[in-house]
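1. Here is my input, please return the structure:
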Amino acid sequence: MKYSQTKPIVQESLNINVTEPEKIIIPSEMTRCGVLYVRSDMPSFQQTGVPALVVTEKKYGPKENPRIQNIYSMHFPGRYLDEYMNTEVYCPECGRQLVENGTLSCSLRHLPIGGTYTNLDIERRRLRCLNVKCRYNYTCPIDFKATDHLITVQLLCFTQDLLALHFSLKEVAHLTGLNQNTVKDIDRERLSSLYTVNGEGKVLKKPDSRAQFLAIDEFKLHNGHKYATVIIDLETGHILHLAHGRKKATVYEFIDRVGLDWMSSVKAVACDMNSDFEEAFRVRCPHLKIVYDYFHIVKNFNDKVVSEVRKDEQKRLIDEGRTEEAKALKKTKHILTSKRETLERKDKEA
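-> Just a heads-up that it's a prediction; the model follows:
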C-alpha cells in the first residue's frame with residue numbers, strides 16, 4: 001500500500017523535547033539484565049525492550065570442507081517518536097482529524113559494537129483520516145534513515161569514512177555487516193558527490209590540483225566487447241577522467257576538459273603499448289614524456305617471447321617423437337611466467 005507524502009495539518013503542538021535527559025525512562029528489566037544504556041544521537045528513537053542476540057553461521061571455502069564462522073547480530077526493539085506525537089493533526093485534503101491506524105515495522109542496520117552487528121527494529125505509527133470517503137493516510141518518514149538504503153545515517157557516514165581511508169569494498173562490508181553491493185553503491189554515491197558536476201555522476205569536475213605524472217589504461221566492460229578508458233594521477237591515485245572507448249578521442253576529450261594550461265604542468269604519462277594513446281598525447285602535448293609501465297612491458301615479453309619459445313619447443317619435441325616431454329610443456333605458461341615467490345607460496349598452500 002502506498003502512503004501519501006503530503007504532511008498533515010498541525011493546529012496545536014505540545015512542543016515535547018524528547019532529547020532532554022529527564023524525559024528518558026529506562027525500564028527496570030533493562031537495568032537488571034546488565035544492559036549498557038548509551039546515547040544514540042537519534043532523539044526520535046526510543047528503545048522499548050532488552051536487545052536480543054542472534055547468532056548465524058556463515059560458510060566459507062569449498063563445499064566439501066567449508067570453514068564455518070559465527071556472525072553475531074544484536075537487535076534493539078524500539079519505536080519511532082514522530083513529530084506529531086501528542087499532537088492533534090488534520091487531513092490536508094478534507095480537514096477531518098487523523099487517528100492512529102496501526103503501526104509499520106522497519107529494520108535498519110546501525111553502527112556495529114565491536115565485532116557485533118546491530119539492527120534497530122522500529123515500530124512507527126500510521127495515520128488515517130476519519131472521513132470514510134477520504135482515503136488519505138500518512139506514515140512519518142524516519143529522520144535518521146539513510147536515503148535509498150535500509151541503514152541509519154550514522155552507519156552511512158561511518159561507511160563513507162572507511163571508504164575514504166582506502167579500505168576495500170570487501171573489508172568495509174566485513175566491518176559494517178553490509179552487503180558488498182550496498183557498500184559499492186555507497187562508494188559510487190560518495191565519489192559522484194566529490195568528483196562530478198552537481199553530484200549527478202555524469203560529468204567529472206576539473207581537477208582542483210595540478211598533477212605531474214599521469215597514467216592511462218583501458219579496461220573491459222560487461223562481456224568484454226566494449227571498453228572504457230581511465231586516466232589517473234599517478235602520485236595520488238585519484239581518477240581524473242573516465243570515458244567509454246579507447247581511441248584518440250578519449251584523450252582529446254580529457255585534454256579539452258582540463259585545458260592546455262593545466263597540462264603544461266604534467267611531465268610524463270605512463271601507458272601501455274596502445275599507439276592511439278601515445279599518438280594523441282604527442283599531438284596535443286609534445287612536451288610530455290611517454291613511459292611504458294613495467295606491467296605491460298613484462299606482459300608483452302611473456303606473450304611475445306616466453307610463450308612463443310614454449311610453443312616452438314613443444315613443436316620440436318613432437319617432431320622428434322618425444323611426446324611425453326611435449327605434454328609436460330603443454331600447460332606450463334603460468335609456471336614459466338610466474339615469480340618464484342608466487343610458485344613457492346602456491347606449493348606451500350597446496
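2. Tell me the spatial nearest neighbour of His244, not counting adjacent residues.
-> In space, and not counting its chain neighbours, His244 is closest to Ala228: 5.4 Å by CB to CB, 6 or more residues apart in numbering. Where you see a C-beta, it was placed from the backbone N, CA and C, and this is true even at glycine.
3. What strand or helix carries that neighbour?
-> Per DSSP states H and E, Ala228 falls inside strand 226-233.
4. Kindly export that strand (C-alpha atoms) in PDB.
-> The C-alpha trace of strand 226-233 is given here as PDB (Å, rounded to 0.1, in the frame of the first residue of the first chain):
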ATOM      1  CA  LYS A 226      33.200  -2.800 -25.100                       C
ATOM      2  CA  TYR A 227      36.000  -0.800 -23.400                       C
ATOM      3  CA  ALA A 228      36.400   2.200 -21.200                       C
ATOM      4  CA  THR A 229      39.500   4.400 -20.500                       C
ATOM      5  CA  VAL A 230      40.600   5.800 -17.200                       C
ATOM      6  CA  ILE A 231      43.200   8.500 -16.500                       C
ATOM      7  CA  ILE A 232      44.600   8.900 -13.000                       C
ATOM      8  CA  ASP A 233      47.000  11.000 -11.100                       C
END
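5. Show me the strands paired with that strand, marking each as parallel or antiparallel.
-> Strand 226-233 has the following strand partners under DSSP bridges: strand 213-221 (antiparallel), strand 239-244 (antiparallel).
6. who touches the helix or strand following the last one?
-> Meaning strand 239-244. Sequence-wise, the next helix or strand downstream of strand 239-244 (DSSP H and E) is helix 248-258. Among residues not part of helix 248-258, those counted as contacts by CB atoms under 8 Å, 6 or more residues apart in numbering are 204, 206-207, 216, 229, 231, 240-241, 243-244, 263, 276-277, 279-281, 284-285.
7. For Val298, which three-state class applies?
-> Classification of Val298 by DSSP: H, G, I helix; E, B strand; the rest coil places it in helix.
8. Now for it: which residues touch it?
-> No contacts exist for Val298 under CB under 8 Å, 6+ apart.
9. could you redo the last one with a cut-off of 10 Å?
-> Val306, Thr337 (CB atoms under 10 Å, 6 or more residues apart in numbering).
10. what does Lys206 give?
-> Here Lys206 is in contact with Val197, Leu240, Arg257, Val258, Gly259, Trp262 (criterion: CB under 10 Å, 6+ apart).
11. Selecting buried members of the residues you listed in PyMOL, what would you type?
-> Those of these that count as buried under 16 or more other CB atoms under 10 Å are selected in PyMOL with:
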select buried, resi 240+257+258+262
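12. Reformat the contacts of Lys206 into JSON lines and put distance to Asn65 and pLDDT next to each item.
-> Shown next, in JSON lines, are these (distance: CB to CB, whole Å; pLDDT from 0 to 100):
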{"residue": "Val197", "distance to Asn65": "52", "pLDDT": "80"}
{"residue": "Leu240", "distance to Asn65": "46", "pLDDT": "87"}
{"residue": "Arg257", "distance to Asn65": "53", "pLDDT": "88"}
{"residue": "Val258", "distance to Asn65": "54", "pLDDT": "89"}
{"residue": "Gly259", "distance to Asn65": "59", "pLDDT": "89"}
{"residue": "Trp262", "distance to Asn65": "56", "pLDDT": "91"}
